[in-house]
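> Compute the structure for the input listed below.
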Amino acid sequence: MNTYLQIHPKDNVLVALQDLPAGQQIQFNGSTIQLKQNVPAKHKFPLKPLNAGDPVLMYGVLVGKAVTPIQEGEPITVKNLQHDANAFHEKDSSMEWQKPDVSRWQGKTFNGYHREDGQVGTRNYWLVIPMVFCENRNVGVIKTAFEKGLGFAPTEVYNEQVADLVDLYKSGKLDAIKDYKAEEAVKTAKRNPVFPNIDGVKFLIHEGGCGGTRQDSDALCALLAGYIHHPNVAGATVLSLGCQHAQVSILQQSLKKLNPNFSKPVLVYEQQTSGSEFNMLSNAIKDTFLALVEANKLERRPAPLSKVVIGLECGGSDGFSGISANPAIGHTSDLLVALGGTTILSEFPELCGVEQELINRCEDDTTADKFITIMRAYESQAQMVGSGFHMNPSPGNIKDGLITDAIKSAGAAKKGGTSPVKDVLDYTEYVTKPGLNLLCTPGNDVESTSAEVGSGASVVLFTTGLGTPTGNPIAPVVKLSTNSRLAQRMPDIIDIDTGSIISGQKTIEQMGEDILDFVVRVASGEIRTKAEELHQDDFIPWKRGVSL
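Numbering: from 1, shown residues only. Now for the predicted structure:
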């Protein structure tokens with residue numbers, strides 16, 4: 001196994017692939033570099049001495065500048081490096097894309113749920129949605145009723161532990177409580193005996209709909225409409241208080257905008273005109289049950305891989321993200337695009353410094369100009385509230401080698417592979433063009449994943465170097481570890497380990513191919529992701545201008 005790596009020939013730093021001790025001599029391109037200090041795995045050290053103000057290059061792009069002199073072999077840290085990135089401008093060149101060989105997948109299908117509008121889902125869910133946070137409690141009542149009544153509720157293993165502890169306490173066995181060790185339950189995929197063709201009833205609890213700006217409420221309605229329109233959804237039950245900003249009429253307009261011929265069942269209940277909470281909830285439960293009877297009639301049928309829409313996401317990133325998992329799913333994206341499928345790359349703050357490459361990958365000037373406009377507006381809004389893209393890396397990111405936003409971004413952008421950018425979408429806009437799409441979202445994991453699914457992603461590939469348990473209510477989220485140590489430490493959340501790229505056992509291309517095969521099985525319902533097994537249904541709408 002190599003102990004260090006130069007990612008791009010232009011780079012003036014090396015990345016430690018394992019912990020390197022002070023004093024170790026590194027042989028590189030005929031030169032010897034002696035490490036001045038310990039260099040932890042995932043961190044960087046320069047090939048030659050750097051003076052204050054000198055640029056630092058990684059992935060072939062500017063990722064920062066030295067603020068103090070840095071000796072060759074000295075670790076790069078937040079104390080000697082600050083964020084810097086190349087400026088961007090209008091499209092000034094075009095690209096010739098070399099499509100990967102996809103012959104082994106030609107004619108291959110997945111088994112999905114075919115909708116009337118031509119979309120094909122990877123799951124079949126019914127949604128229950130509150131228009132405003134005031135209805136969250138009522139949604140919770142319906143959640144308890146349907147999950148327990150239909151057998152979709154998770155195993156109550158922790159309830160059983162508390163019951164055991166209560167029994168010991170009542171028996172006066174306090175010492176036994178101290179020594180009590182719970183046994184982990186064996187998880188088995190459950191199929192509902194009442195509605196075998198329905199994967200579950202899902203609930204989009206949120207804290208919006210009123211009290212914020214009208215723009216926030218309009219965006220919420222557009223996002224909720226994207227979820228109802230989504231191919232993984234058969235229909236929805238909507239609870240409205242009545243007086244909130246996020247009116248049902250706005251939701252209906254958003255649905256018509258997505259599809260003028262929208263025909264899915266949407267059951268609406270307004271509490272302020274229902275007479276009583278009991279009447280509203282009883283009617284909602286009865287009508288939803290009847291709707292589930294109809295939704296259960298849909299069965300999986302073969303569909304071409306071009307009908308799959310993959311969201312490309314990362315969270316809890318580390319210094320290996322841009323070397324292993326991110327470029328691996330980038331190759332998966334290229335494979336799917338070559339097959340006529342669709343992928344979505346989001347997290348605009350994490351494209352800082354690689355904008356020009358993406359601009360030049362845009363298929364035309366109109367698409368490129370839209371990307372430029374959205375990026376500049378977003379950065380301006382962040383600066384107006386005293387922030388900026390340079391403040392994006394989290395403490396965990398920094399600890400594991402992502403010292404500047406440009407370093408983080410250069411690695412994060414690898415998720416988008418090498419294919420042309422077919423379209424640029426603002427927040428809540430829905431995908432309509434096959435190929436790679438750029439979607440404006442914050443870098444926050446859950447806000448971004450929620451947005452990708454709201455824009456049509458039917459499967460999400462989520463890379464993580466530190467361990468992020470997130471999932472989504474309606475789309476399976478495949479979790480990929482950047483390193484094998486994480487996969488071994490947190491096996492209950494990781495679906496695929498890409499650490500074999502770091503160890504040299506697999507190439508990025510081989511791993512990308514394996515991931516596509518895994519996606520086909522997930523899309524067909526043959527595999528439930530770890531997030532699905534954990535019932536990890538995270539959903540956070542973006543209050544624009546507030547989050548990075």
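> Could you give the average pLDDT over stretch 155-163?
Average pLDDT, stretch 155-163: 88.
> hmm, I was thinking of stretch 195-208
On average, stretch 195-208 scores 95.
> cool, stretch 463-476 as well?
Stretch 463-476 carries an average pLDDT of 97.
> Please write out the alpha-carbon positions of that stretch in PDB.
Provided in PDB are the C-alpha atoms of stretch 463-476 (Å, rounded to 0.1, in the frame of the first residue of the first chain):
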ATOM      1  CA  THR A 463     -20.400   9.300   0.900                       C
ATOM      2  CA  THR A 464     -19.100   9.800   4.400                       C
ATOM      3  CA  GLY A 465     -15.600   9.700   6.000                       C
ATOM      4  CA  LEU A 466     -16.700  10.300   9.600                       C
ATOM      5  CA  GLY A 467     -20.000   8.400   9.700                       C
ATOM      6  CA  THR A 468     -23.400  10.000   9.100                       C
ATOM      7  CA  PRO A 469     -26.500   8.000   9.800                       C
ATOM      8  CA  THR A 470     -28.900  10.100   7.700                       C
ATOM      9  CA  GLY A 471     -31.600   8.800   5.400                       C
ATOM     10  CA  ASN A 472     -34.700  10.000   3.600                       C
ATOM     11  CA  PRO A 473     -38.400   9.300   4.000                       C
ATOM     12  CA  ILE A 474     -39.100   8.200   0.400                       C
ATOM     13  CA  ALA A 475     -35.800   7.500  -1.300                       C
ATOM     14  CA  PRO A 476     -33.300   4.800  -0.300                       C
END
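> Next, the buried residues of that stretch.
Neighbour-count burial for stretch 463-476, counted by 16 or more other CB atoms under 10 Å, picks out 463-476. (Each C-beta comes from the backbone N, C-alpha and C, glycine too.)
> Can you report how many residues neighbour the closest residue to residue 363 other than its chain neighbours?
Nearest residue to residue 363, sequence neighbours excluded (CB to CB, 6 or more residues apart in numbering): residue 420, at 5.2 Å. Other residues near residue 420 come to 17 when the count uses other CB atoms under 10 Å.
> hmm, who's touching the helix or strand of the chain with the lowest mean pLDDT?
Lowest mean confidence among the helices and strands of the chain (mean pLDDT, DSSP states H and E): helix 395-399, at a mean of 83. Contacts to helix 395-399, defined as CB atoms under 8 Å, 6 or more residues apart in numbering, come from residues 78, 316-318, 408, 466.
> Just the CA coordinates for the helix or strand where residue 512 lies, please, in CSV.
Element membership for residue 512 (DSSP states H and E) is helix 508-523. Output in CSV follows, covering the C-alpha atoms of helix 508-523 (Å, rounded to 0.1, in the frame of the first residue of the first chain):
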residue,chain,number,x,y,z
ILE,A,508,-12.0,4.1,-8.9
GLU,A,509,-13.5,2.6,-12.1
GLN,A,510,-13.9,-0.9,-10.6
MET,A,511,-15.6,0.5,-7.5
GLY,A,512,-17.9,2.8,-9.5
GLU,A,513,-19.0,-0.3,-11.5
ASP,A,514,-19.7,-2.2,-8.3
ILE,A,515,-21.7,0.7,-7.0
LEU,A,516,-23.9,0.8,-10.1
ASP,A,517,-24.6,-2.9,-9.7
PHE,A,518,-25.6,-2.3,-6.1
VAL,A,519,-27.9,0.6,-7.1
VAL,A,520,-29.7,-1.6,-9.6
ARG,A,521,-30.5,-4.1,-6.8
VAL,A,522,-31.5,-1.3,-4.4
ALA,A,523,-33.8,0.2,-7.1
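> Which neighbouring elements make contact with that helix?
With contacts taken as 3 or more CB pairs under 8 Å, 6 or more residues apart in numbering; DSSP states H and E, helix 508-523 sits against strand 109-114, helix 325-338, strand 459-464, strand 477-481, strand 496-497, helix 499-503.
> Using neighbour counts, pick out the buried residues of the first one.
Of the residues in strand 109-114, those with enough neighbours to count as buried (16+ other CB under 10 Å) are 110-114.
> sorry, back to before: name the residues of the least confident helix or strand of the chain that are buried.
For helix 395-399, burial by neighbour count (16+ other CB under 10 Å) applies to 396-397, 399.
> And the average pLDDT for the following helix or strand past the helix holding residue 512 is what?
Of the helices and strands lying after helix 508-523 in sequence (DSSP H and E), the nearest is helix 530-533. For helix 530-533, mean pLDDT rounds to 96.
> Repeat that for stretch 18-34.
Per-residue scores along stretch 18-34 average to 93.
> Repeat that for stretch 420-434.
The average pLDDT for stretch 420-434 rounds to 98.
> quick one: residue 135 is in a strand?
No. Using DSSP: H, G, I helix; E, B strand; the rest coil, the assignment for residue 135 is helix, not a strand.
> From what I see, it and residue 242 are in contact.
No. If you go by CB atoms under 8 Å, residue 135 and residue 242 don't touch, sitting 10.0 Å apart.
> Those two: which is more packed in?
Taking other CB under 10 Å, residue 135 and residue 242 do not tie; residue 135 has more neighbours (24 against 14).
> could you dump the buried residues of strand 109-114 to TSV with distance to residue 370 and pLDDT?
As requested, the buried residues of strand 109-114 are exported to TSV (distance: CB to CB, whole Å; pLDDT from 0 to 100):
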residue	distance to residue 370	pLDDT
110	31	98
111	36	98
112	31	98
113	32	98
114	32	98
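> Nearest spatial neighbour of residue 2, chain-adjacent residues omitted?
Excluding the flanking residues, the one nearest residue 2 by CB to CB, 6+ apart is residue 17, at 5.9 Å.
> The one you found reaches residue 40, doesn't it?
No. Assessed by CB under 8 Å, residue 17 is found out of contact with residue 40, at 11.0 Å.
> Looking at the two, which has the bigger crowd around it?
residue 17 (20 against 15).
> Tell me who's in contact with the more buried one.
Taking CB under 8 Å, 6+ apart, we find residue 17 in contact with 1-5, 41, 502.
> Scan these and report the most crowded one.
Comparing those by number of neighbours (other CB under 10 Å), residue 502 comes first, having 23 neighbours.
> Tell me how many other residues surround the closest residue to that one other than its chain neighbours.
Of all residues not flanking residue 502 in the chain, residue 324 sits nearest, at 5.4 Å (CB to CB, 6+ apart). Residue 324: 29 surrounding residues under other CB under 10 Å.
> what's the pLDDT at residue 324?
Confidence at residue 324, expressed as pLDDT, is 97.
> can you give me the strands in the stretch 251-400 of the chain?
266-270, 301-304, 309-314, 342-345 (DSSP state E, counting those that start in this stretch).
> Turn the helices and strands packed on helix 508-523 into JSON lines, columns for distance to residue 233.
Formatted as JSON lines, those follow (distance: least, CB to CB, whole Å):
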{"stretch": "strand 109-114", "distance to residue 233": "10"}
{"stretch": "helix 325-338", "distance to residue 233": "22"}
{"stretch": "strand 459-464", "distance to residue 233": "14"}
{"stretch": "strand 477-481", "distance to residue 233": "16"}
{"stretch": "strand 496-497", "distance to residue 233": "26"}
{"stretch": "helix 499-503", "distance to residue 233": "35"}
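> between these, which gets nearest to residue 27?
Set against residue 27 and scored by CB to CB, the helices and strands packed on helix 508-523 come closest in helix 499-503, at 19.7 Å.
> which stretches of this structure aren't confidently modelled?
Applying pLDDT under 70 to the chain flags the ranges 1, 185-192, 390-391, 545-548.
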